[in-house]
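J.: take this sequence and fold it.
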Amino acid sequence: MSDYEENESKFMRKAKENPFVPVGMAGFFAIVAWRLMKMKNRGNTKMSVHLIHMRVGAQSFVVGAITIGVLYSMYKDYIVKPREEQKALKDK
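T.: Residues are numbered from 1 along each chain as shown. Predicted coordinates:
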């Protein structure tokens with residue numbers, strides 16, 4: 001298997017394990033692209049202020065995606081899995 005195929009499968013495996021990582025990455029790039037296009041119409045706003053707003057928006061999206069991913073993972077590990085284990089014990 002070539003390095004390209006190995007990296008691709010590794011990314012897909014990681015994306016299946018943590019589905020909110022690709023969502024966070026996509027949101028990050030979408031916000032940055034949107035703010036870069038909006039830069040033309042920034043008016044009297046200084047460039048540094050515009051870039052700070054872009055960074056804060058992108059980071060907020062990524063942190064939100066990570067938080068939702070952690071909460072989802074905790075839900076699966078501490079609520080869904082114990083219920084399945086209890087159901088399996090009752091069926092025996």
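J.: buried sites along whichever strand or helix holds I31?
T.: Take DSSP states H and E as the rule and I31 turns out to sit in helix 20-38. Neighbour counts using 16 or more other C-beta atoms under 10 Å place F20, V21, V23, G24, G27, F28, I31, R35 of helix 20-38 among the buried residues. C-betas here are computed from N, CA, C, even on glycine.
J.: next up, the contacts around the first one.
T.: For F20, the set of contacting residues under the criterion of C-beta atoms under 8 Å, 6 or more residues apart in numbering consists of A65, I66, I68, G69, Y72.
J.: now the nearest residue to the last one once chain neighbours are set aside: how far from G69?
T.: Of all residues not flanking Y72 in the chain, F20 sits nearest, at 6.9 Å (C-beta to C-beta, 6 or more residues apart in numbering). Here the criterion is C-beta to C-beta, to the nearest Å. By it, F20 lies 3 Å from G69.
J.: who touches both of these two?
T.: Between them, F20 and G69 share no contacting residue, judged by C-beta under 8 Å, 6+ apart.
J.: how near is the closest residue to G57 other than its chain neighbours to I79?
T.: Leaving aside its sequence neighbours, G57 sits nearest to I31 (C-beta to C-beta, 6+ apart; 4.9 Å). Distance check for I31 against I79: by C-beta to C-beta, it reads 32 Å.
J.: check K10 too.
T.: For K10 relative to I79 (C-beta to C-beta), the value is 29 Å.
J.: OK, contacts around the residue nearest the centre of the chain?
T.: By C-alpha atoms, centre = their mean, the chain has its centre lying nearest to G24, at 2.5 Å. By C-beta under 8 Å, 6+ apart, the contact set of G24 is F61, V62, G64, A65, I66, G69.
J.: quick check on these: which are buried?
T.: The buried subset of the contacts of G24 - by 16+ other C-beta under 10 Å - is F61, V62, A65, G69.
J.: pick the one among the residues you listed closest to G43.
T.: For these, the minimum distance to G43 (C-beta to C-beta) is 24.2 Å, reached by F61.
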